[in-house]
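J.: Fold the following.
(chains A, B and C)
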Amino acid sequence: MNKKITVSLSENTVEAVRYAAYTCTDDFWVKIQPSGNNAVEVIFSPRKDKEIDQAEKRFTEELADEKIREKSRMQNIATSEMIIRNAISRFNPSFVHDEQPALSVEQEQELDELIAEVEKELQEEMNSSRTDDPQHITQTWEEVNKNGK
Amino acid sequence: MENKKEPEKYTLLFQHWKKYQDKILLTNDFGGKFEIPEEEFQSICSKNCSLSVTDVTKELVDKGFVAEMIDPEKHSLSWARRHFSVLLAPELHIMVMTSRCNMQCVYCQAGSPGKQDKVLDMSLETAKKAVDFAFNTPSPVLNFEFQGGEPLLNWEVLADTVEYIREKEKKSARTVSISLISNFILMDERKADFLLKNEIILCTSLDGPECVHSKNRHSENDISYETVRKWLKYFKERHDNQKGNSYRIFKPGAIVTVTKNSMGHAKKIVDEYVSAGLESIYLRPVSKIGYAGRNWNAIGITPAEYLEFYSEALKHIIELNKKGVSISEQACIIFCSKIFDAGSGGNYDVDSPCGAGTGQIAYNYDGSIYTCDEGRMLAMEGDDIFRIGSVDDPVEKVLTADAVRACKCASDLNAQAMCSRCAYMPYCGTCPVFNYATQGSLAGDMPNNMRCAVNKGQIDFILELLKDKENEELLKKWL
Amino acid sequence: MALEITERRIFFDSSVYSTEAVNMTAFILEDKIDFVTEKKENGIEVTFKHFSENEPEIFANEALNQQCRIDVSKVSSGLTKLIVSKALVSAVGGGKQE
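T.: Numbering: from 1, shown residues only, chains lettered A, B, ... in the order given. Model prediction:
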């Protein structure tokens, strides 16, 4: 069972018709042939038990979308080219590898020790500052009341 | 101060779009993603994409959707970050130490012919030539990946090659990493010690709990599962207790190949990784290449089946994360890197153009060089179309070989009819080897391409997940 | 019959399918399908020797695939050339920062 759709080439480009038909080739066998009067016939046949009526809906929707794309395509391509040219002339391999160099084993251990030292100092500072805190400013309400002060 | 003249008109610039529920999702290749109500989109399109001044929001401008206000510096940086492999020389050098294997996996693309034929081993001379070749390529970063077959079957050459690499590394200004992909069946303490002392990153295959793993990966006496679990535990403990070492021990990793045998076990497979102490899982569907293609009736899955599996697995992973379990999914990371404009995700398969021959190259046991590991696997099936030279050839001749050029052209998504229009083009990539093996041409046929269907479905699912702010924060932390 | 193919042949009109597209299709499918191509005045006729298993339909879909690739390359070939050239130059160390 086939579905034939006639498409005018005065309203659509042949490229748009081809692409819209192509997107349906997952579910349909598709062939396009000229049909006189500046038009083409797109013939669909179902594959994989698909409903043939879906072909027209899908094709028509895609054709409408393709018309929108065609309006902005050249500007999109020009912008992309400008950006990509800039990217490939501006950036080079050092940009990709411009990150913190990996630490050696010794450096990593040194860093771990340094972090542990700082943590220890901070902890000591917190403890000693508690002793020097007659107004209990650094203690929470619960801590103060728990201690009966 | 330069007086910038306001543009006289504003135009909505969109390269790719799709209907997404009741909205239109716009994307571009400079890191931009924007949703707009369908009615508004149709209205703008009916006016030749022109925007009124009030339509021009900071978000639209920043994301590169206003033609008159493109920031070339910012947007070209974004493009470069997501296509960085275009700027690099090959970093990944895959060394196939042997084509022999001591297992018979149901999907083995390597077509491993069994343990006996030592002619299928890479000689030390060839291995050194391959290493020399790699060091003659210009990249400041070299990642050597030993695989096979089963590379431990060629242990002596492997060990000598590792030492050779480390010697060369000392005399060069390169950053070198070495990884080993092994089934661990031949692993012992002596080998483990050597590998760890040489800072080798270890990776294996763990396809899930025993009932799944053993169905996919057949070994003599069925010891594969317990062996993998044993050595993953061993290497993890060595990693966790490495303080005081003069060398770094990296966390071991594992990958999953999802087949028909995996169906219905998505959560169990994730839980298996968690119980093995692994913090990352890389879910991949079986590819219909080589031996897997011949065995497809027994192991093959459709894109729909894989996507159902994947969504169940990823949902479970996210729930585990919310409960404080640390486990991420690699394919999701790759896509999210691009969606959040955080880079390319680092996977040569999902890149435009792909990394064949320029991001990675594969050295076969006989010294032949291929565009990638998949190209090499195809050669094992009798088709060496992706062979680009040998370790005796000059670097420039190999890296500019016809097959490399052809792969680049075929995998540039701007040159693909459907991909160049697809809203997910900025996040996606195609594999010329897969296309050739399954569809007969390097560019493939996207409406009927399994990888296209899988990638689209995964991205659909991830974008849906990202609508939840909590999920978005969680996934960003994975990057 | 599918696609209105009543004989073991299919005609690709040159106003819709370029010679290049049909030839590429023939190249891709020559190992899988037994056929003969013949250039006619307004296009190419493909005759299938076995007319089974949707061979003409497979050929037609692939021809459309190839034609659409040719169509897109007319618009984007500049972009592809830029990117591919850069990738190849980078691979051999061109564009290194001194």
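J.: Just the helices from chain A, written as ranges.
T.: A:14-22, A:53-90, A:93-96, A:105-131, A:141-146 (DSSP state H).
J.: closest point of chain C to chain B, which residue?
T.: Nearest residue of chain C to chain B: C:Gly93, at 3.2 Å (CB to the nearest CB). Backbone N, C-alpha and C define where each C-beta goes, glycine included.
J.: Tally up the residues packed near that residue, please.
T.: Neighbour count for C:Gly93, taken as other CB atoms under 10 Å in any protein chain shown: 16.
J.: What residues sit buried inside the longest helix seen in chain B?
T.: When chain B is parsed with DSSP H, its longest helix is helix B:303-322. In terms of neighbour count (16 or more other CB atoms under 10 Å in any protein chain shown), helix B:303-322 has its buried residues at B:303, B:306-318, B:320-321.
J.: Mind telling me which of the helices of chain A the model trusts least?
T.: Among the helices of chain A, helix A:141-146 carries the lowest mean pLDDT, at a mean of 56.
J.: what are the ranges of the strands in chain C?
T.: Assignment of strands within chain C using DSSP state E yields the ranges C:9-13, C:35-40, C:43-48.
J.: What are the contacting residues of the first one?
T.: When contacts are defined by CB atoms under 8 Å, 6 or more residues apart in numbering or on different chains, strand C:9-13 is touched by residues A:31, A:33-34, C:3, C:21-22, C:40, C:42-48, C:56, C:59-60, C:63.
J.: Just give me the closest of the buried residues of helix B:303-322 to B:Ser420.
T.: B:Pro303 (21.1 Å; CB to CB).
J.: Show me how far the longest helix of chain B is from its chain's centre.
T.: Computed by CA atoms, centre = their mean, to the nearest Å, the chain-centroid distance of helix B:303-322 equals 18 Å.
J.: State the next helix or strand along the chain beyond that helix.
T.: As assigned by DSSP states H and E, the chain's next helix or strand after helix B:303-322 is strand B:328-329.
J.: Residues touching the helix or strand that that following strand is followed by, excluding its own?
T.: Downstream of strand B:328-329, the first helix or strand assigned by DSSP H and E is helix B:330-339. Applying CB under 8 Å, 6+ apart, the contact partners of helix B:330-339 are B:33, B:82, B:280-284, B:310, B:314, B:342-347, B:350, B:426-427, B:458-459, B:462-463, B:466, B:475-476, B:478-479.
J.: if you set the cut-off to 7 Å instead, what comes out?
T.: The contact list for helix B:330-339 (CB atoms under 7 Å, 6 or more residues apart in numbering or on different chains) reads B:33, B:82, B:280-283, B:314, B:343-345, B:347, B:350, B:426-427, B:458-459, B:462, B:475, B:478-479.
J.: which sections of chain B are below the confidence cut-off?
T.: Scanning chain B for pLDDT under 70 picks out B:1-7, B:109-116, B:344-346.
J.: Can you name the residue of it nearest chain C?
T.: Counting by CB to the nearest CB, chain B gets nearest to chain C through B:Pro138 (3.2 Å).
J.: Show me the contact partners of the helix or strand containing B:Glu464.
T.: For B:Glu464, the host element (DSSP H and E) is helix B:450-465. Helix B:450-465 is contacted from outside by B:285, B:288, B:303, B:306-307, B:310-311, B:314, B:331-332, B:335-336, B:424, B:427-428, B:430-431, B:434, B:438, B:446, B:471, using CB under 7 Å, 6+ apart.
J.: let's see 6 Å
T.: Applying CB atoms under 6 Å, 6 or more residues apart in numbering or on different chains, the contact partners of helix B:450-465 are B:285, B:303, B:306-307, B:311, B:335, B:424, B:427-428, B:434, B:446, B:471.
J.: burial measure for A:Thr23, as a count.
T.: What A:Thr23 shows, counting by other CB under 10 Å, is a neighbour count of 23.
J.: Which positions in chain B make contact with chain C?
T.: Listed as neighbours of chain C in chain B under the rule CB under 6 Å from any CB of the partner chain: B:86-89, B:138, B:358, B:396, B:399-400, B:408-409, B:412, B:414-415, B:417, B:420, B:440-441, B:445.
J.: where's A:Lys4 relative to C:Leu3, distance?
T.: Distance, A:Lys4 to C:Leu3, using CB to CB, to the nearest Å: 10 Å.
J.: Repeat that for C:Tyr17.
T.: Distance of C:Tyr17 to C:Leu3, given as CB to CB: 13 Å.
J.: how far away is A:Thr13 from chain C?
T.: 9 Å (CB to the nearest CB, to the nearest Å).
J.: What strand or helix carries the closest residue to B:Asp351 other than its chain neighbours?
T.: Distances taken as CB to CB, 6 or more residues apart in numbering or on different chains place B:Gly429 nearest to B:Asp351, at 4.5 Å, with adjacent residues excluded. Assessed by DSSP H and E, B:Gly429 sits outside every helix and strand.
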